[in-house]
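Chemist: Build me a structure from this.
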Amino acid sequence: MPVLDSRSQDDESRPLSSHQIGSWRRRRVLSAGTVTLLSALSGCLNFINPSGQDASTDRETGTSSNREPRRDGTASSGDDGGGPQSGSESGGASGSPDATLGGDIVDGPIDSPATNEHPWIEDPEDDLRLADVTVHMGSEWIRDYLQVEDDVLALTVAGNQFTVEGNAHLEWECDTFGLKHVFVNGRVGEVYLEPVANDACRTNENKAGRGPWLAPFSVTGRFDGGRPDALEVHLEGQFIRGDGPRGGAYTRQEL
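Modeler: Below you'll find the model as predicted:
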């Protein structure tokens, strides 16, 4: 009878020895421990950064999470921005002074200064002065939605007195006109007028008070120290249109 060669049998069909069984069990325990450790580490990382994104993303994109909501419900980035300036804050680019009245708009009476601390304006010559310059508002206002009426100024002079009759547009029924600058530039008198906003009637409940309104007014004053060579009157504002140096109403009279 032939003798079978044990080396020709399949090794996998042989039963495992106790040494092999112990080694296999140790490998399974180590593998399971490794998986458990990696899972724990992954959970810690997700707790620190749940989104999985780089924490520097906000800085790179310029975004921030600590924004305060505006009153209109939109987010604010913290930049005040500064809003548009009021139309009554005229600049000095055209040559008019910025602080003849200390930056205020008044109805008078006021006098022009003896000196003009402004690089584009000469001091008055021969002590010329405009005195008691005052704005007077009229009462017959007309609502002019389409602004079909013109903004006009008419200047008259009698002796040492001068009067400006005006008819121009204001936005609200309680707004007025005021004096922004009054001075004598060399031998030319100059008066600058602008609208003055009054918050007393600028409310949502007062829809009927919003214009534009065509409002009559006058400006009176007198010459002190003699007459200048000319007198100019300028009226500038949001709803004012004309042939003035900056687009507002304008009049000039040689004296």
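Chemist: Sort out which residues of the longest strand along the chain are buried, please.
Modeler: Criterion DSSP state E: the longest strand present in the chain is strand 210-224. Using 16 or more other C-beta atoms under 10 Å as the test for burial, strand 210-224 gives 211-215, 217, 219, 221, 223. From N, CA and C alone the C-beta is placed, and that goes for glycine too.
Chemist: can you tell me which of those lies nearest to Arg252?
Modeler: Proximity of the buried residues of strand 210-224 to Arg252 (C-beta to C-beta) peaks at Val219, which lies at 14.2 Å.
Chemist: and Leu146, which of the three is it?
Modeler: Secondary structure, DSSP: H, G, I helix; E, B strand; the rest coil: Leu146 is coil.
Chemist: OK, contacts around it?
Modeler: Taking C-beta atoms under 8 Å, 6 or more residues apart in numbering, we find Leu146 in contact with no residue.
Chemist: ditto for Gly108
Modeler: By C-beta under 8 Å, 6+ apart, Gly108 lies in contact with 132-135, 179.
Chemist: In PyMOL, select just the buried ones from these.
Modeler: Filtering the contacts of Gly108 down to the buried ones (16+ other C-beta under 10 Å) takes a single PyMOL command:
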select buried, resi 133+135+179
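Chemist: quick one: which two of the buried residues of strand 210-224 are the most distant?
Modeler: Gly211 and Phe223 (34.8 Å).
Chemist: coming back round to it: so which of the contacts of Gly108 sit within strands?
Modeler: Using DSSP E, the subset of the contacts of Gly108 located in strands is 132-135, 179.
Chemist: of those, closest to Cys201?
Modeler: Using C-beta to C-beta, Val135 comes nearest to Cys201 of the ones in strands among the contacts of Gly108, at 18.8 Å.
Chemist: Which strand residues bridge that closest one?
Modeler: With DSSP bridges as the criterion, Val135 is bridged to Val219.
Chemist: Tell me how far it lies from Pro119.
Modeler: Separation of Val135 from Pro119 (C-beta to C-beta, to the nearest Å) stands at 28 Å.
Chemist: Columns pLDDT and distance to Pro109 on top of the buried residues of strand 210-224, output as JSON lines?
Modeler: Below are the buried residues of strand 210-224 laid out as JSON lines (pLDDT from 0 to 100; distance: C-beta to C-beta, whole Å):
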{"residue": "Gly211", "pLDDT": "93", "distance to Pro109": "28"}
{"residue": "Pro212", "pLDDT": "95", "distance to Pro109": "28"}
{"residue": "Trp213", "pLDDT": "96", "distance to Pro109": "25"}
{"residue": "Leu214", "pLDDT": "97", "distance to Pro109": "26"}
{"residue": "Ala215", "pLDDT": "97", "distance to Pro109": "20"}
{"residue": "Phe217", "pLDDT": "98", "distance to Pro109": "15"}
{"residue": "Val219", "pLDDT": "98", "distance to Pro109": "11"}
{"residue": "Gly221", "pLDDT": "98", "distance to Pro109": "8"}
{"residue": "Phe223", "pLDDT": "98", "distance to Pro109": "14"}
